[in-house]
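1. Take this sequence and fold it.
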Amino acid sequence: MTDLLIQGGRTHLGSEITETSLHVSGRDIVAVGSDQGHGALGIDASDLLVLPGIVDLHGDAFERQMMPRAGVDFPVDVALIDSDHQAISNGITTVYHATTWSWEPGLRSGDNARLLLEAIEAMRPQLAADTRFHLRHETYNLDAEAEIAGWLADGRIDLFAFNDHMDSTVEGLAKPHKRSRMVERSGLSSEAFDRLVERIVSRADQVPASIARLAQAALKANVRMLSHDDNSPVMRKDFRAQGVGIAEFPVNEETAREAAEAGDFIVFGAPNVVRGGSHTGWTKTSDMIAKGLCSVLASDYYYPAPLLAAFRLVADGVLPLLAAWNLISSAPAQAAGLDDRGVLAEGQRADIVLVDDRIQLRPRIVAVVAAGRLVHLTDASRLIQSPAISRQTVAMA
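-> Numbering: from 1, shown residues only. Below you'll find the predicted structure:
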C-alpha cells in the first residue's frame, strides 16, 4: 500500500491556502495537518503550492498522437500512452478523452471510436491518469444511434456530448483551406466527400428525434450530457429540457448568460485564456469568466492549457488563485458527478499536484500524485526517503 507524507507546502484547502501537510495512504488522503506518516515516503513541498489534481472534461489533443499528420497513423495504444504522459506532466489526473464519432470516415469514424474505447478500457490499469471516455456524437450520424445507445446502457460512456458541425461543414466546402483539411481527414476524394455531405444533409428532419432518444438513453444510464457550441438561448433551453445540463463552448454571451441563470455548468477552453482569445474569433473566455459566465475550463486541444490558464487569470487580475484553480479541479469534478476528487480533504481521492509558482505565468509541475501513487517527479532532491518504504511505493511516469 502506498504511504506518502507531503510536508510543508502551501496547500489549497477549500476556502484558503495554508502551510500544512497531507498524509496519503492507499488511494486516499487520510489526514490533513498530521506529520505522523509512520514510515511514509516524504515529499518536501516547501515553497511549493499543493493543489488538487486537474480534472479535464474535454481534451482531444490525443488525436495528434493518433494522426500527427494527415494520412499518418500510429497505433492507438502508443497514442494513449504518449497522451497519458502529457496529461500527467501537466497536472491532469482525471482526463476525459473527447472522441468524435462523426458520419465521416477516417480519424473521426466509428472504427476509430471503437478502437479508442476498447483501448481505454483495456489500458486503464497501466495509465497514470484516471482515463475516461467522452463521446462527442455528431447528431447527423444517425446510423450510429443504436450502437451508441448500447454503449450508454452498458456503462461504457463516461460523458456524452451532442455535436452539430453540419452547417460549418457545408460552409467550409466553399473555403479551399478548410475543405482540403476536411477531405484529407476523411480519406475520401473531393468528389466522394461532396456526395457524402449531400446524403447526410438530406436526412436533417430525422435528427431531432434521434437526439431525443439518445438523451433518454443517457438519462437512464445516469451519464452526464453536454451540448456543444450552443448558438442561442433557445438552443440551450431545448437541450436543458432533455436533461443536458452542461453547456460546452456556447458561442455568444447571451447563450452563456441563459445557461448561467439556469444553473448549468458552462465549459470554455483553457487555450482561449492562455492565448488571450479564441482562434476562431468567437467568445473571449477570460471575459466570460470575469462576468461569471464560465464555470469550467478544459484543455480542449492543448494539455498544458489548464495549468497555464489558471495562473494567467491570476496574473491578469481576473480571479484569485483559489477561484481560478476551482475552474479546473472542483467544478469539473462536480459537473461530471465525481464527488471523490477536486478538493484536498480527508477521505478524498489523493490526486495532488505540486507546483513551483515563482515565475509569473510559467508555473512548473514538480510532482504529481494520482490515486495515491507518485507518478511524476522532476526534482528527486525533494524526496525524504525512509528505509521502511518498499520500492513499489514510487511509480514514476
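2. so what's Leu117 up against?
-> Neighbour list for Leu117: Thr99, Phe133, Trp151, Arg156 [criterion: Cβ atoms under 8 Å, 6 or more residues apart in numbering]. C-betas here are computed from N, CA, C, even on glycine.
3. how's the protein carved up into domains?
-> Here the domain parsing of the chain from automatic domain parsing is 3-51+343-393, 54-336.
4. Which residue ranges of the stretch 151-300 of the chain form strands?
-> 159-163, 224-228, 246-248, 265-269, 296-298 (DSSP state E, counting those that start in this stretch).
5. Switch the domains of the chain over to CSV; also include mean pLDDT.
-> Formatted as CSV, the domains of the chain follow (pLDDT from 0 to 100):
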stretch, mean pLDDT
domain 3-51+343-393, 89
domain 54-336, 93
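6. pretty sure Cys294 contacts Gly269?
-> No - using Cβ atoms under 8 Å as the test, Cys294 is too far from Gly269 to be in contact (9.9 Å).
7. Centroid-nearest residue for the protein?
-> The centre of the chain sits closest to Asp56, judged by Cα atoms, centre = their mean, with a distance of 2.3 Å.
8. Within the helices and strands, which one has that one?
-> For Asp56, the enclosing helix or strand under DSSP states H and E is strand 54-59.
9. same question, Arg114
-> For Arg114, the host element (DSSP H and E) is helix 110-123.
10. Could the C-alpha coordinates of that helix be exported in CSV?
-> The C-alpha trace of helix 110-123 is given here as CSV (Å, rounded to 0.1, in the frame of the first residue of the first chain):
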residue,chain,number,x,y,z
GLY,A,110,-16.9,4.8,-36.0
ASP,A,111,-14.0,2.4,-36.5
ASN,A,112,-11.6,4.8,-34.7
ALA,A,113,-14.2,5.5,-31.9
ARG,A,114,-14.5,1.7,-31.3
LEU,A,115,-10.7,1.3,-31.3
LEU,A,116,-10.2,4.1,-28.8
LEU,A,117,-12.9,2.9,-26.5
GLU,A,118,-11.6,-0.6,-26.4
ALA,A,119,-8.0,0.6,-25.9
ILE,A,120,-9.1,2.9,-23.0
GLU,A,121,-11.0,0.0,-21.4
ALA,A,122,-8.0,-2.4,-21.8
MET,A,123,-5.3,0.0,-20.8
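11. next structured bit after that helix?
-> Assigned by DSSP H and E, the successor of helix 110-123 is strand 130-138.
12. Packing partners of that next one?
-> Other elements packing on strand 130-138 under the criterion 3 or more Cβ pairs under 8 Å, 6 or more residues apart in numbering; DSSP states H and E are strand 92-101, helix 110-123, helix 145-153, strand 159-163.
13. now the angle between helix 145-153 and the longest one, please.
-> With axes from the mean of the first three to the mean of the last three Cα atoms, to 10 degrees as the basis, helix 110-123 and helix 145-153 are set at 20 degrees to each other.
14. looking at the helices and strands packed on strand 130-138, which is buried most?
-> Of all those, strand 92-101 carries the top mean neighbour count, a mean of 26, counting by mean count of other Cβ atoms under 10 Å.
15. quick one, it and helix 145-153 angle?
-> Using the same axes, to 10 degrees, the inter-axis angle of strand 92-101 relative to helix 145-153 is 160 degrees.
16. List the strands paired with strand 92-101, with their directions.
-> With DSSP bridges as the test, strand 92-101 is paired with strand 54-59 (parallel), strand 130-138 (parallel).
17. Distance-wise, check the residue nearest to the centre of the chain relative to Ala31.
-> Per Cβ to Cβ, to the nearest Å, Asp56 is found 28 Å from Ala31.
18. do His12 as well
-> 16 Å.
19. Which one of those two is surrounded by more residues?
-> Comparing His12 with Ala31 by other Cβ atoms under 10 Å, the one with more neighbours is His12, at 24 against 15.
20. I figured Asn163 was touching His228, is that so?
-> Yes - the pair Asn163 and His228 qualifies as a contact (Cβ under 8 Å) at a distance of 4.5 Å.
21. which residues are common contacts for these two?
-> Contact criterion Cβ under 8 Å, 6+ apart; residues shared by Asn163 and His228: Arg136.
22. Now do the shared contacts for Cys294 and Gly269.
-> By Cβ under 8 Å, 6+ apart, the residues touching both Cys294 and Gly269 are Thr285.
23. what about Gly42, helix or strand, and which?
-> Assigned by DSSP H and E, Gly42 belongs to strand 41-44.
24. Can you get me a residue count around the nearest residue to Lys178 once chain neighbours are set aside?
-> Nearest residue to Lys178 in three dimensions, chain neighbours excluded: Gly172, at 3.8 Å (Cβ to Cβ, 6 or more residues apart in numbering). Residues lying near Gly172 (other Cβ under 10 Å) number 18.
25. one step back: can you put the strands of the stretch 151-300 of the chain in CSV and add distance to Gln360?
-> Converted to CSV, the strands of the stretch 151-300 of the chain look like this (distance: least, Cβ to Cβ, whole Å):
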stretch, distance to Gln360
strand 159-163, 34
strand 224-228, 33
strand 246-248, 30
strand 265-269, 22
strand 296-298, 19
